[in-house]
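> Sequence isn't available, so here's the structure alone:
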Ligand code: GRF
């Protein structure tokens, strides 16, 4: 399975995938390129260190969001991925991208969807006073964090938690969940039936 991973930040989820692929010859997937919506991020450094091709497609280099979406789609498609992984990619893709990669584009989100979608899942769960939160790996559809759920991990919220501390504990679970999901999807295949994702055992 050929993976393109999209990042916007520190890329620790990307690193977890790289490490899993390195450690296990039968993992079932390999990363063929890493894309980003900005440069100067640690996520891209990790990709370069691993010897992977990278591409950057910035919104501000395009006339509008639709043109950016087309450019991102083309840059990604050039690597002929079977699966695209949004791993801390902080942009909502548009209809071109979904037309090309719908049903094979997954995202990891730091909350238990459908609670706390959007860019501040950790902060919002904390502000709400939730006692448990976690992470969700899901297929991307045309909503914001609304696509079919593949797997979730639970993390307890501590009384005096800070957003940073809670996010670190979530990311610990999230990295393992993402590695597990990508490996299973890659090795075992899957079907999406409505909101149900079936991965043969
Ligand atoms: C993850 O928690 C992801 O869900 C999110 O931002 C974080 C990305 O971390 N929205 P990293 O760049 O993989 O380290």
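Thanks, I have the structure now. A quick note: this is a predicted structure, and the numbers were derived from the prediction, not measured.
> Contact residues of the chain facing the ligand?
7, 9-13, 43, 87-88, 108-110, 171, 174 (C-beta under 6 Å from any ligand atom). C-beta: built from backbone N, CA, C; applies to glycine.
> If we use 5 Å, what do you get?
9-13, 88, 108, 110, 171 (C-beta under 5 Å from any ligand atom).
> show me the residues around the closest residue in space to residue 101 that isn't next to it in sequence that make contact.
Excluding its sequence neighbours, the residue lying closest to residue 101 (C-beta to C-beta, 6 or more residues apart in numbering) is residue 84, at 5.0 Å. Counting by C-beta atoms under 8 Å, 6 or more residues apart in numbering, residue 84 makes contact with 3-6, 76, 101, 104-106.
> Now find how far off-centre stretch 89-103 is within its chain.
Mean-position distance between stretch 89-103 and its chain equals 12 Å (C-alpha atoms, centre = their mean, to the nearest Å).
> for stretch 104-112, same thing?
That offset, for stretch 104-112, works out to 5 Å (C-alpha atoms, centre = their mean).
> again, but for stretch 147-157
The answer for stretch 147-157 is 13 Å, by C-alpha atoms, centre = their mean.
> With stretch 134-141 instead?
Remark: stretch 134-141 is offset 8 Å from the chain centroid, using C-alpha atoms, centre = their mean.
> Shouldn't the residue nearest to residue 101 be within a strand?
Yes. Judged by DSSP: H, G, I helix; E, B strand; the rest coil, residue 84 forms part of a strand.
> residues in contact with residue 182?
Applying C-beta under 8 Å, 6+ apart, the residues contacting residue 182 are 3, 17, 29, 83, 85, 106.
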